[in-house]
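Undergrad: I'll drop the sequence and a predicted model, then ask my questions.
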Amino acid sequence: MALTGIQIFKLLPKTNCKECGVPTCLAFAMNLASGKAELDSCPYVSDEAKEQLAEASAPPIRLVAIGKGVRAITTGGETVLHRHEKTFYSPTGIASLVNSDISESDLQDKLKIWNAFQFERVGLNLRPELVALKDAGGDKDAFARRAKQIAETSEFNLVLMTEDADVMKAGIEACQAKKPLMYAATEGNADAFGALAKENELPLAVKADSVEGLIPLTEKLTELGLKDLVIDPGSREIKQSLEDMVSMRRAALKSGNRELGFPTITFPCEMASNLDMETLIAGMHIAKYGGVVVLSDFTGESLFPLLLERLNIYTDPQRPMTVTEGIYEIGNPDENSPILITTNFALSYFIVSGEIEGSKVPSWLLIKDSEGLSVMTAWAAGKFSGDDVGVFVKKSGIEDKVKHKELIIPGYAAAIAGDVEEELPGWTITVGPREAAHIPAFLKSK
Ligand code: SF4
């Protein structure tokens, strides 16, 4: 059972030295109890106290690693119910189901198509990570062959789905190096699956027929020494599934229920009869609170919106995405090419650079650090003032790359034109369009 703030306080040095970033040991203890602080932030906790505090300082939802390589994921580790309180940390893993009786060539075709679903967005590669291989008919050799094929011929990581310990063992032997997620330990096979997971050091999913049914199972597996568990309350009806996800997250975070303090796995593929509906359900579980969602297939029109939703939900709302300050070359600019400037808000950069690229007018794009704020917000907050922009242009080194002295500033920052001109004597400051969509026409007309 988690310790209260007062119980934790009794184990701290009580010197109020403030090195942990809060004024008192009591405040630190309260933060630790509510999952808002890390024990490591206090350098003076004794080893004995550390041991006692280990449970209290453990994240209320265990962080579980699945897979290896570029598509490895970690799931869980969440500390809040709502992302406006603090960010959500571990993006939902997205999986597609495949049955083990699929032919080698059909599977290869699928893997090739699925592998191609990679989307560049704000400098990130958005793609699914998992293939859920489902035992069809208990043929352990077929299961092992397909597991090996997925592991060896694709980047995808695996969820091995069977309740038969022999089939699971064969699957593990075929792809253990990929650190697959075992699905699933049930009331009937918990001992055998627990032993397999322990022996092979693999994450283990636990399935019951209700939230309450999960508790004795995770308790039992935890007593066996297993920590990396993923839970499935078995609900396959939309409303019930949502209610279960919410109640489990609340139980782990608000009631300190360690038996439910694990990431979850959900199966939209078993909750709808078509991919459109599955996609909607998956969207619901990306927002609340699926650690892994399993679809029946990947298609571009289903996957792309889910990947975008995931990107948005798992981006820290208190920390805007940024790009690095500097000079960006778009389309091999030369000494006569135009110079534009904008802020380092990632979305501003990608929209503006995309429009410049689309214009086919090679250009220099200066990106000024504005702490990730968009042009208007940065200007209003004093992070994109005329003086700052002028100083930045001077130190950026752009003058060594061009023969002209004309700077195009964003239309929304027209008010700083005079100040920039003062800071950059000899330069012409041109006010560009307000909307990025108008940049191509503007550049072509120059
Ligand atoms: Fe107390 Fe440790 Fe924080 Fe110092 S660093 S105030 S001893 S909790």
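TA: Sure thing, it's come through. Numbering: from 1, shown residues only.
Undergrad: Where does the stretch 251-400 of the chain get nearest to the ligand, which residue?
TA: Among the residues of the stretch 251-400 of the chain, Gly256 lies closest to the ligand, at 20.8 Å counting by CB to the nearest ligand atom. Where you see a C-beta, it was placed from the backbone N, CA and C, and this is true even at glycine.
Undergrad: ends of stretch 430-446, how far apart?
TA: For stretch 430-446, the first-to-last residue distance is 11 Å (CA to CA, to the nearest Å).
Undergrad: Report the buried residues of it.
TA: Across stretch 430-446, burial judged by 16 or more other CB atoms under 10 Å covers Gly432, Pro433, Ala436, Ile439, Pro440, Phe442, Leu443.
Undergrad: circling back: quick one: the residue of the stretch 251-400 of the chain closest to the ligand and Glu51, what's the gap?
TA: Distance from Gly256 to Glu51, counting by CB to CB, to the nearest Å: 19 Å.
Undergrad: quick check, nearest of the buried residues of stretch 430-446 to the ligand?
TA: Ala436 (47.1 Å).
Undergrad: what comes up buried for stretch 160-170?
TA: Leu160, Met161, Thr162, Glu163, Asp164, Ala165, Val167, Met168, Lys169, Ala170.
Undergrad: Could you tell me which of those residues are located in helices?
TA: Ala165, Val167, Met168, Lys169, Ala170 (DSSP state H).
Undergrad: and the stretch 1-150 of the chain, which residues reach the ligand?
TA: Leu12, Pro13, Thr15, Asn16, Cys17, Lys18, Glu19, Cys20, Cys25, Phe28, Cys42, Tyr44 (CB under 6 Å from any ligand atom).
Undergrad: Any of these buried? List them.
TA: Of those, these count as buried by 16+ other CB under 10 Å: Leu12, Cys20, Cys25, Phe28, Cys42.
Undergrad: In space, what's closest to the third one - neighbours in sequence excluded?
TA: Put plainly, it is Cys25. Closest residue to Cys25 apart from its sequence neighbours, by CB to CB, 6 or more residues apart in numbering: Leu12 at 4.3 Å.
Undergrad: tell me the phi and psi of the one you found?
TA: As for Leu12, its main-chain torsions (degrees, to the nearest 10) stand at phi -90, psi 160.
Undergrad: mind checking how far it is from Lys50?
TA: The separation that Leu12 has from Lys50, given CB to CB, amounts to 11 Å.
Undergrad: ok, now Gly77?
TA: 20 Å.
Undergrad: can you pull out the helices in the stretch 101-250 of the chain?
TA: Ranges of helices in the stretch 101-250 of the chain, per DSSP state H, counting those that start in this stretch, are 104-116, 140-153, 165-175, 190-200, 211-223, 238-254.
Undergrad: correction: the stretch 251-400 of the chain
TA: Using DSSP H, counting those that start in this stretch, helices in the stretch 251-400 of the chain cover 275-287, 300-313, 346-359, 375-380, 386-396.
Undergrad: Buried residues, the third one. List them.
TA: Put plainly, it is helix 346-359. Ala346, Leu347, Ser348, Tyr349, Phe350, Ile351, Val352, Ser353, Glu355, Ile356, Ser359.
Undergrad: I'd say the last one and Ser445 touch.
TA: No - taking contacts as CB atoms under 8 Å, Ser359 lies outside contact range of Ser445: 10.3 Å.
Undergrad: how far away is whichever residue of the stretch 51-200 of the chain sits closest to the ligand from Gly21?
TA: Using CB to the nearest ligand atom, the closest approach of the stretch 51-200 of the chain to the ligand is made by Leu53 at 10.9 Å. Distance, Leu53 to Gly21, using CB to CB: 17 Å.
Undergrad: who's more crowded, these two?
TA: Each of Leu53 and Gly21 has its neighbours counted (other CB atoms under 10 Å); Leu53 has more, 21 against 11.
Undergrad: residues touching the more buried one, list them.
TA: Residues near Leu53 by CB atoms under 8 Å, 6 or more residues apart in numbering: Leu3, Ile8, Leu11, Leu32, Leu39, Val45.
Undergrad: Next SSE downstream of the least confident helix or strand in the chain by mean pLDDT?
TA: In the chain, no helix or strand scores lower on mean pLDDT, DSSP states H and E than helix 47-57, which sits at a mean of 78. Scanning forward in sequence from helix 47-57 by DSSP states H and E, the next helix or strand is strand 64-66.
Undergrad: List the neighbouring strands of the very next helix or strand once past that following strand plus their orientation.
TA: Where DSSP H and E defines the elements, the next helix or strand beyond strand 64-66 is strand 73-75. Strand pairing for strand 73-75, using DSSP bridges, gives strand 64-66 (antiparallel).
Undergrad: Show me which positions of the strand it pairs with end up buried.
TA: Using 16+ other CB under 10 Å as the test for burial, strand 64-66 gives Val64, Ile66.
Undergrad: For Lys68, grab phi and psi.
TA: phi -130, psi 160.
Undergrad: low-confidence ranges in the stretch 201-350 of the chain?
TA: Within the stretch 201-350 of the chain, no stretch has pLDDT under 70.
Undergrad: let's see 80
TA: Where the stretch 201-350 of the chain drops to pLDDT under 80, the residues are 318-320.
Undergrad: circling back to that earlier point, turn the helices of the stretch 251-400 of the chain into CSV, including distance to Thr222.
TA: Shown next, in CSV, are the helices of the stretch 251-400 of the chain (distance: least, CB to CB, whole Å):
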stretch, distance to Thr222
helix 275-287, 25
helix 300-313, 29
helix 346-359, 41
helix 375-380, 47
helix 386-396, 55
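Undergrad: Ok, which of these comes nearest Glu152?
TA: Glu152 lies closest to helix 300-313 among the helices of the stretch 251-400 of the chain, at 23.5 Å (CB to CB).
Undergrad: So which elements touch that closest one?
TA: strand 93-99, strand 119-121, strand 124-126, helix 275-287 (3 or more CB pairs under 8 Å, 6 or more residues apart in numbering; DSSP states H and E).
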